[in-house]
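Asks: Coordinates for the following, if possible.
(chains A and B)
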Amino acid sequence: EDQVTQSPEALRLQEGESSSLNCSYTVSGLRGLFWYRQDPGKGPEFLFTLYSAGEEKEKERLKATLTKKESFLHITAPKPEDSATYLCAVPSGNTPLVFGKGTRLSVIA
Amino acid sequence: DAGVIQSPRHEVTEMGQEVTLRCKPISGHNSLFWYRQTMMRGLELLIYFNNNVPIDDSGMPEDRFSAKMPNASFSTLKIQPSEPRDSAVYFCASSLGTSGQHRGETQYFGPGTRLLVL
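Replies: All right, here's what the predicted structure looks like:
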């Protein structure tokens, strides 16, 4: 069964048009939720870890939030260089990280 | 500091040939992970090591796949014989490996090896 579901699969924004990406998880006893950014032809790059519901973390135009069943990655006034695939992941059972399929973000100038 | 290093970056081979992918983790990291990424299935964990010992290889698709970690600074993933359906991007990642089971740990990824089996 899917333990991590990301939506939408793809998102196209105009430069400056703020939006949010969603990551829903079904694991119990959350031991952290991880956000990564992946550029074409490169490996995933770590962005944030959230451990508790209500926790928030920010980096430039990105802010990640966490509830008991989902996380949001808010992108404020995005720029073309924010275009990438954003992946979320959670530890599940004996698996250190289970990844979602990602959201492909395109920001058009 | 150097990140995770993988080689080769690209590999094109013919069906039936042996393929060996190599990885050097970040110095001081005790855990090493091998992943495969495809459009259909996303990023899947194949196997991971802690202190050079394989912990979970349940993600290895078939006996054709094998992985070793002879020392703390080197690991290989071997496919023998290779098949067209093995075509994918293979990533190696490493983490400190000190959190145990109570807390998830950040993994740092290499640039990947893009494998094409003809």
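Asks: My guess is A:Asp39 contacts A:Asp82. True?
Replies: No: applying C-beta atoms under 8 Å, one finds A:Asp39 not in contact with A:Asp82, separated by 10.6 Å. (C-beta placed from N, C-alpha, C; glycine too.)
Asks: Just want to know which of the two has more residues nearby.
Replies: Using other C-beta atoms under 10 Å in any protein chain shown, the more surrounded residue of A:Asp39 and A:Asp82 is A:Asp82, with 18 against 12.
Asks: what sits against that one?
Replies: A:61-62, A:75, A:105, A:107 (C-beta atoms under 8 Å, 6 or more residues apart in numbering or on different chains).
Asks: Buried subset of those residues, written for PyMOL?
Replies: Remark: buried members of these, expressed as a PyMOL selection using 16 or more other C-beta atoms under 10 Å in any protein chain shown:
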select buried, chain A and resi 62+75+105+107
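Asks: Centre-most residue in chain B?
Replies: Ranked by distance to the mean C-alpha position of chain B (C-alpha atoms, centre = their mean), the top residue is B:Trp34 at 2.4 Å.
Asks: Sticking with it, tell me its helix or strand.
Replies: Assigned by DSSP states H and E, B:Trp34 belongs to strand B:31-38.
Asks: Quick check: buried residues in that strand?
Replies: Buried-residue list, strand B:31-38, by 16+ other C-beta under 10 Å: B:31-37.
Asks: again with stretch A:9-29
Replies: Buried-residue list, stretch A:9-29, by 16+ other C-beta under 10 Å: A:11, A:13, A:21, A:23-25, A:27.
Asks: How far off centre is that stretch?
Replies: Offset of stretch A:9-29 from its chain centre (C-alpha atoms, centre = their mean, to the nearest Å): 6 Å.
Asks: is chain B contacted by the helix or strand bottoming out on mean pLDDT in chain A?
Replies: Lowest on mean pLDDT, DSSP states H and E among the helices and strands of chain A sits strand A:95-99, with a mean of 93. Yes: interface with chain B: strand A:95-99 contributes A:95-99 (C-beta under 8 Å from any C-beta of the partner chain).
Asks: Mind putting these into CSV with neighbour count?
Replies: Output for the residues of strand A:95-99 next to chain B, formatted as CSV (neighbours: other C-beta atoms under 10 Å in any protein chain shown):
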residue, neighbour count
A:Thr95, 17
A:Pro96, 25
A:Leu97, 25
A:Val98, 20
A:Phe99, 22
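Asks: Please tell me I have it right and B:Phe74 contacts B:Thr20.
Replies: No: assessed by C-beta under 8 Å, B:Phe74 is found out of contact with B:Thr20, at 11.8 Å.
Asks: Give me the subset of the buried residues of strand B:31-38 that also touch chain A.
Replies: Answer for the buried residues of strand B:31-38 near chain A (C-beta under 8 Å from any C-beta): B:31, B:33.
Asks: Check which helices and strands the helix or strand of chain B with the lowest mean pLDDT sits against.
Replies: Least confident helix or strand, chain B: strand B:53-56 with a mean of 94, by mean pLDDT, DSSP H and E. Packing partners of strand B:53-56 (3 or more C-beta pairs under 8 Å, 6 or more residues apart in numbering or on different chains; DSSP states H and E): strand B:42-50, strand B:65-71.
Asks: tell me how far the shortest one is from the chain's mean position?
Replies: Using C-alpha atoms, centre = their mean, the distance from the centre of strand B:65-71 to the centre of the chain it belongs to is 9 Å.
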